[in-house]
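**Student:** pasting the sequence and the predicted model now:
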Amino acid sequence: MNQHFSTLNRLAVWILAIASTISLRAEDQPLPVKYKGVFGSSLSIDGTSTVHDWSVSTKLMSGTIEFDTNFPLDPAAEKIEEIKVQPKVEVSIPVRSIKSGQTRMDEVMHATMKRDEHPDATYKLVSLKASETPRKSGDPLQFDSTGILTVAGATKLVKFPVSFKNEADGKLKISGRTTVKMSDFGMKPPAPKVALGFIKTGDEVDIKFEWIAKKQEP
């Protein structure tokens with residue numbers, strides 16, 4: 001009987017020791033920090049045509065970015081530390097919110113982007129690394145991003161530089177710019193008919209954005 005209790009005691013001590021170790025390790029792990037997209041964001045798409053250049057835009061960019069407390073966000077740092085844990089970023093934009101201010105042009109654009117079948121354009125980050133572009137202390141932090149962009153139901157891996165800047169009230173402004181081709185996403189550049197013939201739209205478009213996200217309380 002005594003031997004039985006002795007064995008149970010040793011087992012209990014062993015379990016407590018493991019639990020304590022796991023608890024200590026959990027405390028040592030960096031806590032996740034989450035930001036959520038808020039009002040103030042903007043995205044524009046600029047292109048060309050045989051008649052004139054054109055531009056459409058939206059202010060609706062929902063989504064989240066999550067990283068641990070070790071993520072380099074100190075603007076005073078002259079060199080960005082290596083990112084050990086990749087942040088999680090997911091952004092969604094309603095196609096219906098992308099507008100030019102001209103009803104007919106918006107109809108053609110939304111049809112090209114297959115709005116009815118695919119109402120949202122989405123982006124998901126794959127990797128982020130510190131940019132080698134020289135910067136001064138206090139300047140926005142520069143990174144090179146790789147992510148998955150989905151438009152009109154088609155998905156493509158895209159790479160472009162982004163900058164991170166701390167704003168007031170716990171906000172973070174993430175800015176970026178890239179160029180893509182509509183045909184890469186299975187979209188045929190529009191060629192709407194007008195009085196004098198057809199307007200041919202260029203395949204390549206320039207995308208520019210400023211995404212404002214606010215820190216969420218744990």
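**Tutor:** Everything's here; your move. In this text, all values refer to a predicted model and were calculated from it rather than measured experimentally.

**Student:** wait, Leu125 touches Leu149, no?
**Tutor:** No: between Leu125 and Leu149 there is no contact under Cβ atoms under 8 Å: 10.5 Å. Any C-beta I mention is one placed from the backbone N, CA and C, and that applies to glycine too.

**Student:** okay, the two: which has more neighbours?
**Tutor:** The neighbour count for Leu125 versus Leu149, taken as other Cβ atoms under 10 Å, is higher for Leu149 (20 against 17).

**Student:** three-state assignment of that one?
**Tutor:** Put simply, Leu149 is strand when judged by DSSP: H, G, I helix; E, B strand; the rest coil.

**Student:** list the contacts of it.
**Tutor:** By Cβ atoms under 8 Å, 6 or more residues apart in numbering, Leu149 lies in contact with 121-123, 155-158, 180, 185.

**Student:** quickly list what it is bridged to.
**Tutor:** On DSSP bridges, the residues paired with Leu149 through beta bridges are Tyr123, Lys156.

**Student:** could I get the pLDDT score of Pro161?
**Tutor:** With respect to pLDDT, Pro161 has a value of 97.

**Student:** so what touches the helix or strand hosting it?
**Tutor:** Pro161 is located in strand 154-166, with elements delineated by DSSP states H and E. Surrounding strand 154-166, the residues in contact under the criterion Cβ under 8 Å, 6+ apart are 73, 75, 126, 128, 131, 133, 140-150, 172-178, 180, 184-187.

**Student:** could you give me the buried positions within it?
**Tutor:** With burial defined by 16 or more other Cβ atoms under 10 Å, the residues of strand 154-166 counted as buried are 158, 160, 162-164.
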